[in-house]
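>>> mind folding the following:
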Amino acid sequence: PPLQPDAPPPLAPADDVAGSVAGDAAGSSAAEASPSATANEVILQDWTPLGQCVDWRLGRVAWSTSADRLFADQVVPNLTHDSGAMSDRNARLLLAWCRERAAANALPEEIHVLEIGMGTGLHLRYLLDRFAVHCQEAGLDWGTRLRVWATDVSLPMVRNAVQRGLFRDWAEQVRFGHLDMQAPARFTEFGSGDQVDLSGRVHLLCGNYLLDLLPIDIFRRQRAADGTTSWEAVLVRTWLTHLDDLTAHTDLDVAEIEALARQGDADAMRALVPIHSLLQNELRAFGVDLGNHPDLALIERFADRQEAALGAGHPALADGTVVHHSGGALGVLPRLVELLASQGYAIFRDVGLTTPELAAGVRTYQSYGPTVAAGVNVLELDEAFGADARSDGLSLRTPPADGARNQTVRLASAQPLPDSVHEAFDAAFDGAELAAALDLADVARAQEDTAQAMELWRQALIAEPINWHFMAMAAERALAAGLGALALDIARRGLAIN
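Okay, the predicted model is just below:
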């Protein structure tokens with residue numbers, strides 16, 4: 001909901017949060033110093049909640065218009081989930097689910113798999129391939145039962161997957177289309193434009209780095225000496241800078257840009273994508289009244305949870321209790337779970353705030369070219385839907401050692417899943433195991449001794465035998481060391497996968 005700042009105006013500069021915003025080194029922080037008011041800058045949008053500001057809206061549109069180029073150029077990192085390793089883990093979990101359903105004489109004749117935000121398509125393609133391999137090894141024909149919905153909000157991404165024949169071996173079982181996770185029941189088929197309602201049909205829903213694309217708010221609770229509380233919110237003021245360089249980016253003049261920013265819809269934002277690099281954000285905390293906020297009870301509970309977890313006197317609580325409110329994810333999750341068939345499940349993997357310490361600092365969103373993403377507060381999601389939440393119609397499960405490298409995974413379902421499926425999920429997505437192979441790769445890259453480096457790469461590939469990205473890096477190291485035959489062998493193995 002829109003937040004109206006109380007009078008008086010912004011807090012004193014000492015309470016300005018812009019300088020305390022932390023971010024992932026992979027992206028650039030959205031918080032910048034306030035530009036000086038000169039003839040070369042203008043305020044494009046005055047104080048606005050994070051999830052409603054021009055920069056966020058522009059980033060949302062950029063995902064649908066520019067994602068193919070941004071993925072190809074690695075402006076948006078995607079190798080972690082496109083390397084094949086995550087696909088194999090999802091394939092093993094799907095096989096365990098199928099075994100449980102078969103044991104209960106309830107395995108569907110058609111097993112519907114939906115990926116929302118397929119990106120390059122590699123994760124989904126490898127998931128299908130690895131599921132077929134695991135079924136073949138077990139003497140099962142369940143791969144033929146798969147009915148696959150390959151979707152993205154970016155039609156260029158879908159078009160690329162179709163034109164490149166990425167799913168050539170699955171052509172009879174895969175349908176490509178457009179799907180917006182904020183209205184996820186409506187699948188619109190690529191090419192024909194036919195629409196299908198997916199409600200209650202999906203047995204496996206995959207979403208990689210999906211929830212962290214949704215809007216967030218940052219609140220801070222202040223507690224007075226008499227025990228009364230008040231709230232602040234981080235708001236954004238957006239500046240259009242370097243006006244003398246404007247013509248190098250767009251034919252629009254300042255007045256036209258201001259009008260489009262006020263208009264705020266998708267068509268207006270598309271016109272503003274070329275000027276994203278000229279936008280600069282100023283962040284500050286304002287007092288706000290959250291009395292009519294629909295999530296106030298949850299926000300209060302999470303603040304209480306943070307204070308209990310961190311303990312009185314913790315430095316992170318000195319200026320108040322910060323609540324990263326993943327309102328977008330909280331609103332979308334129930335809609336996504338409504339797509340699931342009986343005993344169906346969803347896997348969400350995101351960058352997230354996974355410890356009370358991480359959730360206690362002020363972190364906004366990251367910019368990746370013109371796109372934006374924010375770490376999802378999975379602790380708040382757990383407060384709303386986790387094992388202790390007793391939420392009707394939606395439950396979340398956390399794997400062991402979740403949060404390694406700030407990566408987080410959740411298993412979502414509408415009904416309780418059998419213990420065998422929970423055990424398979426815990427084994428497949430154990431955070432310590434997920435990090436182990438990546439740690440080996442880090443050490444291998446830094447190792448100066450070639451023999452030791454290649455041994456580390458061998459160990460990493462034993463842990464993740466179909467990780468073509470590991471193979472590419474190992475082959476590059478072997479080639480640099482003059483081990484041409486070995487480099488060629490490893491590279492050929494990688495090329496056979498990607």
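>>> okay, CA-based contacts and neighbour counts for the rest of this
Noted.
>>> residues of stretch 138-145 that come out buried?
Judged by neighbour count (16 or more other C-alpha atoms under 10 Å), stretch 138-145 contains these buried residues: 142-143.
>>> just the C-alpha atoms of that stretch, please, in PDB.
Extracted in PDB, the C-alpha atoms of stretch 138-145 (Å, rounded to 0.1, in the frame of the first residue of the first chain):
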ATOM      1  CA  ALA A 138      16.000 -47.300 -12.300                       C
ATOM      2  CA  GLY A 139      14.200 -49.100 -15.200                       C
ATOM      3  CA  LEU A 140      11.300 -46.700 -15.100                       C
ATOM      4  CA  ASP A 141       9.500 -44.900 -18.000                       C
ATOM      5  CA  TRP A 142       8.200 -42.000 -16.000                       C
ATOM      6  CA  GLY A 143      10.000 -39.500 -18.200                       C
ATOM      7  CA  THR A 144       7.300 -40.100 -20.900                       C
ATOM      8  CA  ARG A 145       4.700 -38.800 -18.400                       C
END
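>>> what mean pLDDT does it have?
Here stretch 138-145 scores 97 as its mean pLDDT.
>>> got the phi and psi for residue 166?
phi -60, psi -30 (degrees, to the nearest 10).
>>> host element of residue 437?
Using DSSP states H and E, residue 437 sits within helix 431-446.
>>> gap between the two ends of stretch 313-321?
This stretch, stretch 313-321, spans 12 Å end to end (C-alpha to C-alpha, to the nearest Å).
>>> can you give me how far that stretch is from the chain middle?
The chain centre lies 28 Å from the centre of stretch 313-321; the measure is C-alpha atoms, centre = their mean, to the nearest Å.
>>> rewinding a little: buried residues, the helix holding residue 437. List them.
In terms of neighbour count (16+ other C-alpha under 10 Å), helix 431-446 has its buried residues at 431, 433-435, 437-438, 440-441, 444.
>>> check which element follows it along the chain.
Next along the chain after helix 431-446, taking DSSP H and E as the criterion, comes helix 450-463.
>>> about what we covered before: packing partners of the helix holding residue 437?
On a contact count with 3 or more C-alpha pairs under 8 Å, 6 or more residues apart in numbering; DSSP states H and E, helix 431-446 meets helix 450-463.
>>> now the buried residues of helix 431-446 as TSV including pLDDT and distance to residue 99?
Below are the buried residues of helix 431-446 laid out as TSV (pLDDT from 0 to 100; distance: C-alpha to C-alpha, whole Å):
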residue	pLDDT	distance to residue 99
431	94	24
433	91	24
434	90	24
435	92	28
437	92	28
438	92	30
440	95	33
441	95	33
444	97	38
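>>> make a markdown table out of those and add distance to residue 42.
Listed next are the buried residues of helix 431-446 as a markdown table, based on distance: C-alpha to C-alpha, whole Å:
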| residue | distance to residue 42 |
| --- | --- |
| 431 | 46 |
| 433 | 50 |
| 434 | 46 |
| 435 | 45 |
| 437 | 48 |
| 438 | 45 |
| 440 | 49 |
| 441 | 46 |
| 444 | 49 |
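>>> and which of these is nearest residue 336?
Distance to residue 336, by C-alpha to C-alpha, is smallest for residue 431 among the buried residues of helix 431-446, at 24.3 Å.
>>> wait, that closest one touches residue 402, no?
Yes: using C-alpha atoms under 8 Å, residue 431 is in contact with residue 402, at 4.7 Å.
>>> by mean pLDDT, point me to the weakest helix or strand of this protein.
strand 28-29 (a mean of 36; mean pLDDT, DSSP states H and E).
>>> give me the three-state assignment for the residue lying farthest from the centre of the chain.
Distance from the centre of the chain peaks at residue 226, with 40.6 Å (C-alpha atoms, centre = their mean). Using DSSP: H, G, I helix; E, B strand; the rest coil, the structure places residue 226 in coil.
>>> what do you get for residue 135?
Going by three-state DSSP: residue 135 is helix.
>>> contacts only, for it.
Shown in contact with residue 135 (C-alpha atoms under 8 Å, 6 or more residues apart in numbering): 95, 141-143.
>>> just the ones of the residues you listed in helices?
residue 95 (DSSP state H).
>>> need the max-distance pair from the contacts of residue 135.
Maximum pairwise distance among the contacts of residue 135 (C-alpha to C-alpha): 11.3 Å, between 95 and 141.
>>> in stretch 486-495, what counts as buried?
487, 490-494.
>>> tell me which of those residues is nearest to residue 366?
residue 494 (31.3 Å).
>>> all set, thanks.
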